[in-house]
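>>> Sequence and predicted structure below; questions after.
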Amino acid sequence: MAQKSAHDATEKEAVVTHHNEEVITTHVNADFDSLSSMVAAKKLYPDAVIVFPGSQEKSLRNFLLHSMSYLFDFARIKQIDMNAVKRLILVDTRQKSRIGKFSELLDNRKIDVHIFDHHSNSDDDIHGDVEYIKDVGSTTTILTEIIRERGVQITPDDATIMLLGIHEDTGSFTFSSTTPEDHLAASWLSMNGAKHNIISDMITRELTAEQVWLLNDLTQSATTQVINGIEIVTARVVREEYMGDFAMLVHKFMEMENLKVVFAMAQMEDKVYLVARSRVNDVNVAEIALAFGGGGHPYAASATIRKKTLEQVERSLQTLLRKRINPQKKARDMMSSPVIKIVP
């Protein structure tokens, strides 16, 4: 009988339902900035429950499994009583199509929505009752500023997780989207005990043999073309099975070849993954990714494309590039004819 009771207790724990009125969530395929933003938002909304709306990037899943997961009390989406939710707190996104099942809350009834985001505007944007939207390198930066202004106390572990998010979304302060606010937020987190050795271990990852092969395939498949005066590099790979960290490999590829703009496509299982990076103002990769149902920043974006072949995605990409890339100004664009001249 005792064994049966213990088994019943385990079953009850497995199906426990959260009746919280406040939920903190982010976008599907969550990254470290998403995690850091949710942890930071929890400091501002202590009664809220943190929930991922869907899958997470492989590196984030590994982090949760093997590192500091004991700090987090995440709920699973199937445990959430949607009828009880009165406030939805969105971090690192405001696109309705990127929050999974939580988008149903916006359709069914009036709900209080609070938004913290650093992405560019899109037609898919949700409009919140409270909005903190700022053009900085990381959403965690926005939340760190609010926490600091309100005098909210954080632990060294909190500071470490938050600083990790800023490091990832700014490329350790090397991306063009990095702002002075990101540096100031990082400085404050350092003063609050952020552990840089843990951050270094997380963002400096050794490549596996399979990742080295994929990186080599990216290099071999790369083609360069000039569109409206701008050099664009596209690359494509095919894998039967899904491999995580594709975005990290594209970033390494860009660094190795010193590229200005790159669009990389990977067909894995039944999906095509697009990762785009740009170092020039004339190419807003977020606009390109948005056309494929994805999102991101002007300098870093991605999309997961279903029900299309790699060839179909590549053709659509070429069409979009010719439409969306702003042509660089040339002398003839600014000159008038005939030339007016005078003698000395």
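Okay, I see it. Keep in mind the model is a prediction, meaning the values are calculated, not measured. Numbering: from 1, shown residues only.

>>> quick one, domains of this protein?
The chain breaks down by automatic domain parsing into domains covering 13-203, 209-324.

>>> where does the chain dip in pLDDT?
Scanning the chain for pLDDT under 70 picks out the ranges 1-18, 55-73, 108-109, 204-205, 327-329.

>>> hey, where'd the strands end up in it?
22-25, 49-51, 74-75, 87-91, 112-117, 130-133, 223-227, 230-239, 261-268, 271-278, 295-296, 300-306 (DSSP state E).

>>> ok now the last one, how far from the chain's centre?
This points to strand 300-306. The chain centre lies 10 Å from the centre of strand 300-306; the measure is C-alpha atoms, centre = their mean, to the nearest Å.

>>> do the same with the first one
On the basis of C-alpha atoms, centre = their mean, the separation between the geometric centre of strand 22-25 and that of its chain is 18 Å.

>>> got it, and the fifth one?
Relative to its chain's centre, strand 112-117 lies at 16 Å (C-alpha atoms, centre = their mean).

>>> Residue 74 reaches residue 51, doesn't it?
Yes. Proximity of residue 74 to residue 51 meets the contact threshold set by C-beta atoms under 8 Å, at 6.7 Å. Quick note: C-beta positions are derived from backbone N, CA and C, even for glycine.

>>> Who has more neighbours out of the two?
A count of neighbours by other C-beta atoms under 10 Å puts residue 51 above the other of residue 74 and residue 51, at 23 against 15.

>>> can you pull up the bridge partners for that one?
For residue 51, the beta-bridge partners under DSSP bridges are residue 75.

>>> Report the contact partners of it.
Contact partners of residue 51, counting by C-beta atoms under 8 Å, 6 or more residues apart in numbering, are 23, 24, 25, 74, 75, 76, 77, 80.

>>> can you check residue 306 too?
Applying C-beta under 8 Å, 6+ apart, the residues near residue 306 are 270, 271.

>>> Which stretches in the stretch 1-150 of the chain count as helices?
Along the stretch 1-150 of the chain, counting by DSSP state H, counting those that start in this stretch, helices occupy 2-14, 32-44, 58-66, 103-108, 139-150.

>>> for the stretch 151-300 of the chain, same thing?
Going by DSSP H, counting those that start in this stretch, the stretch 151-300 of the chain shows helices at 156-170, 180-191, 196-203, 209-221, 246-257, 285-291.

>>> between those, which one is nearest to residue 234?
When the helices of the stretch 151-300 of the chain are compared by C-beta to C-beta, helix 209-221 sits nearest residue 234, at 8.5 Å.

>>> Check which helices and strands the closest one sits against.
strand 230-239, helix 246-257 (3 or more C-beta pairs under 8 Å, 6 or more residues apart in numbering; DSSP states H and E).

>>> now with 10 Å?
Helices and strands touching helix 209-221, by 3 or more C-beta pairs under 10 Å, 6 or more residues apart in numbering; DSSP states H and E, are strand 230-239, helix 246-257, strand 261-268.

>>> want to throw the ones you listed into CSV with mean neighbour count and distance to residue 129?
Output for those, formatted as CSV (neighbours: other C-beta atoms under 10 Å; distance: least, C-beta to C-beta, whole Å):
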stretch, mean neighbour count, distance to residue 129
strand 230-239, 18, 40
helix 246-257, 19, 32
strand 261-268, 23, 37
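
>>> okay, and the common contacts of residue 74 and residue 51?
Both residue 74 and residue 51 are contacted by 24, 38, under the criterion C-beta atoms under 10 Å, 6 or more residues apart in numbering.

>>> hang on, the earlier thing: indicate which one of the domains of the chain is closest to residue 333.
Nearest of the domains of the chain (C-beta to C-beta): domain 209-324, 10.5 Å.

>>> First residue to last residue on the closest one, what's the distance there?
By C-alpha to C-alpha, to the nearest Å, the extent of domain 209-324 from end to end equals 37 Å.

>>> before we move on, back to that, of the contacts of residue 51, which pair is most distant in space?
24 and 76 (13.9 Å).

>>> neighbour count winner among these two?
Of the pair residue 24 and residue 76, residue 24 is the one with more neighbours under other C-beta under 10 Å, namely 26 against 11.

>>> I figured residue 281 hits residue 177, correct?
No. Residue 281 is beyond contact range of residue 177, at 11.1 Å (criterion: C-beta atoms under 10 Å).

>>> anything in contact with each of those two?
298, 299.

>>> who's more crowded, these two?
Taking neighbours as other C-beta under 10 Å, residue 281 and residue 177 compare with residue 177 leading, 17 against 10.

>>> and that one, what does it touch?
Per C-beta under 10 Å, 6+ apart, neighbours of residue 177: 118, 135, 136, 137, 138, 169, 170, 171, 297, 298, 299, 300.

>>> One more: residue 225?
Residues in contact with residue 225, defined by C-beta under 10 Å, 6+ apart, are 231, 232, 233, 234, 318, 321.

>>> Residue 154: how many residues sit nearby?
Neighbourhood size, residue 154 [other C-beta under 10 Å]: 21.
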